[in-house]
Structure formats: C-alpha cells, structure tokens
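A.B. asks: Task: produce atomic coordinates for the following.
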Amino acid sequence: MDSNCSDVITLLLEKYYLSPMYGLEFALGFIGNLVVVLGYIFCLPAWKSTNVYLFNLAMSDLIFLCTLPELSYNYAHNLKKFNTALCMINRYILHVNLYSSILFMMWVSVDRFLLLCHPQREHVLLTLKASLCITVLNWIWVNIQITPLIVIIIQDLQQNRQTVCRDFASLGVPKVTLIYSIVLTITGYVMPLVALFWASQKMVSVLVQREEVLGTSFQRPVRIVRSAAIMFLVLYTPFHVMRNVRIASQLPELNLSQCIIDHINAVYIVTRPIAFAHSVINPVFYFLMTDSFKEALQNKWRQLKRMVMSAP
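C.D. replies: Down below sits the predicted model:
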C-alpha cells in the first residue's frame, strides 16, 4: 500500500506535471530574458545603477532557464540517472538563481527608493561604481549560501555511488538538512523579502510627505516595487514552507507513515515550478522599472524597420 502510494504519486507528478511545466517555463521565459540581455548589451547607450542589477537578474534567469529542457526531458522519460557533473551544475544554477533573483530585486527596490529621495543621484549607492561593487558582493554572498548545499550533494552522490541526483529536500541527514534549509530560508528569502516591502513602505512615506510637490505620477515606482514583493511572496512562500515540511517529515522522531511522507512530497513537487516561474515574470519588471531601457528597445526596433524597408 505504502509502496504503491509512493510510486504512483511521485511518478505521475514528475511525468505529467513537472516535465510540461518546466518545458512551458523555458518556452515562455527564454525569449523574454534573451531580449532583455541583448537589449542591455546592444541598445542601452548609458548604464545606471538600476540597469546593472536588472542585467545581472536577467542573466541569472537566462542561464537557469537553459537547464530546464534537460530536467523536463528526464522527468518525462523517468530517467533517474544523471551525469554527476551535470547534477551538481544543475542544482547549483537552480538555487543560485533562486536566491540571487530576490536579492537583485531587493537592490532594485532600494535603488528606486534612493532615487526618489535623491533625484540628482548624489547618493553614493546610486553611482555605477557602487552598483558594480554591490553586484560582486551579491554573487559572493549567494555562493557562500549555496556552498553547504553543494557539499551535501557531493556527499549524497558518493553514498548512492553517483547513480541518483536527488532534490534538495531528499538529501543528506534530515536533521542537518533541515537546519541548513531553515537558515537558507531566513537569510536567502525572508530577509530580502522584508527589505522589498520596507522599500515600498519607505517610498509611500516619502510620497506622503511630498504629496503637494510631487503629485501622483511618482506612485508608479511604489506599485512596481510592491508588485515585485508580492510576486516573490506568492511564488516563493509555498516552496520554502513545503521544502522545510518535506525535510522535517523524514525525521525518524516523527515516525510518519511512508504514505503521509509521499503526500507531503507531492505537495512540495507542486510548489517547485511555481517558485521558478519568477524567471518568466521578471522580464515584465525590466520594461516597467526604467523608461530608458524601453525607449532604447523601441528606438532600435524603429531603426531595424527602417533598414528593412529601405533594403533593395
């Protein structure tokens, strides 16, 4: 009974849910992020601090999306065996993207707040040099956060003789993995999310104080930052809650039946593509955050149309 419960639920979700969802996310997100990356490289004449954060966010999303076709294929064909290097690279990219995305969006929101307070960009954090330094530190910080996961993956591959590439929530000793997962949830998700909401609230406070001077047109940055915070709240929260619940369900002290553990795992599987959907939605924010980027793309598009029309 327990064995049937385990096999049927997991296999059905992996083949008929994870596989098509990952394929759909790649199809929808790849083009949008590729356009953004190429637009920043070839169309934007002058970069500002916000552009640096958004470009890194787009590059992270684009690299992550390139790993989804392989995952989709493996789940569709029930392939449990992975190349060892590809297993580590895939899991590394997935989690680096997960936590770098919200971190860079946090800095975008802080940048928008500082720009509202310092429209002449005299604040040190609004300089291009500062944004580049913050970007380097962001990547270092995210890699420090993910390093324990890579160590756990290597240990797990050694234990199963490098035949199975397990998900984060199925790795290692449950008690150790749970402690690490909770710490990662707090530092990698909760704290940046709080900063996102803090930035939007501070924007509201500034706008209320200057309402007569600024008018209502400056409400757009607040709505955008709040939308980004709500997006991460809605997409990331179920994933992080269920990842920790999934790991905790494997603790021997709880003595849960295998069928209950598998039902918990099923809910966790459902939340995974939902969390990764941020890579599909993020390109919307690139066009909303900075008018200069949108105008640069439009100008480039008009130039290409004129070239095509004037060609013999």
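A.B. asks: now the longest helix along the chain: mean pLDDT?
C.D. replies: Using DSSP state H, we find that the single longest helix of the chain is helix 84-117. What helix 84-117 shows for mean pLDDT is 89.
A.B. asks: Show me what it is packed against.
C.D. replies: helix 49-65, helix 68-76, helix 128-159, helix 191-209, helix 220-249, helix 258-276, helix 278-289 (3 or more CB pairs under 8 Å, 6 or more residues apart in numbering; DSSP states H and E). Just so you know, the C-beta spots here come from the backbone N, C-alpha and C atoms, and that holds for glycine as well.
A.B. asks: That one to helix 220-249, inter-axis angle?
C.D. replies: Angle of helix 84-117 versus helix 220-249, following axes from the mean of the first three to the mean of the last three CA atoms, to 10 degrees, is 150 degrees.
A.B. asks: okay if I get the helices and strands packed on helix 84-117 as TSV plus mean neighbour count?
C.D. replies: Rendered in TSV, the data for the helices and strands packed on helix 84-117 read as follows (neighbours: other CB atoms under 10 Å):
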stretch	mean neighbour count
helix 49-65	23
helix 68-76	19
helix 128-159	15
helix 191-209	17
helix 220-249	19
helix 258-276	19
helix 278-289	21
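A.B. asks: Which among these is found nearest to Tyr92?
C.D. replies: Set against Tyr92 and scored by CB to CB, the helices and strands packed on helix 84-117 come closest in helix 128-159, at 6.1 Å.
A.B. asks: List the buried residues of the helix or strand just after the closest one.
C.D. replies: Per DSSP states H and E, the first helix or strand lying C-terminal to helix 128-159 is helix 174-185. Residues of helix 174-185 classed as buried by neighbour count (16 or more other CB atoms under 10 Å): 174, 177-178, 180-181, 184-185.
A.B. asks: Would you mind listing where the protein has pLDDT under the threshold?
C.D. replies: By pLDDT under 70, the low-scoring segments of the chain are 1-7, 80-82, 162, 210-221, 286-312.
A.B. asks: switch the cut-off to 50
C.D. replies: Applying pLDDT under 50 to the chain flags residues 1.
A.B. asks: any idea how far the residue nearest the centre of it is from Ala85?
C.D. replies: When CA atoms, centre = their mean is applied to the chain, the residue found nearest the centroid is Leu98 (3.5 Å). Separation of Leu98 from Ala85 (CB to CB, to the nearest Å): 20 Å.
A.B. asks: Contacts only, for His278.
C.D. replies: Listed by CB atoms under 8 Å, 6 or more residues apart in numbering, the contact partners of His278 are 61, 101-102, 231-232, 235-236.
A.B. asks: so which pair among these is furthest apart in space?
C.D. replies: Longest span within the contacts of His278, CB to CB: Asp61 and Tyr236, 14.5 Å.
A.B. asks: Same list (the contacts of His278) but as JSON lines, adding distance to Phe285.
C.D. replies: Shown next, in JSON lines, are those (distance: CB to CB, whole Å):
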{"residue": "Asp61", "distance to Phe285": "11"}
{"residue": "Ser101", "distance to Phe285": "11"}
{"residue": "Ile102", "distance to Phe285": "12"}
{"residue": "Met231", "distance to Phe285": "8"}
{"residue": "Phe232", "distance to Phe285": "11"}
{"residue": "Leu235", "distance to Phe285": "13"}
{"residue": "Tyr236", "distance to Phe285": "15"}
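A.B. asks: any chance of the buried residues of helix 174-185 in CSV, with distance to Ser131 too?
C.D. replies: Output for the buried residues of helix 174-185, formatted as CSV (distance: CB to CB, whole Å):
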residue, distance to Ser131
Pro174, 40
Thr177, 35
Leu178, 36
Tyr180, 30
Ser181, 31
Leu184, 25
Thr185, 27
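A.B. asks: ok, of those residues, which one's closest to Val136?
C.D. replies: Nearest to Val136 among those, with distances taken as CB to CB, is Leu184, at 21.1 Å.
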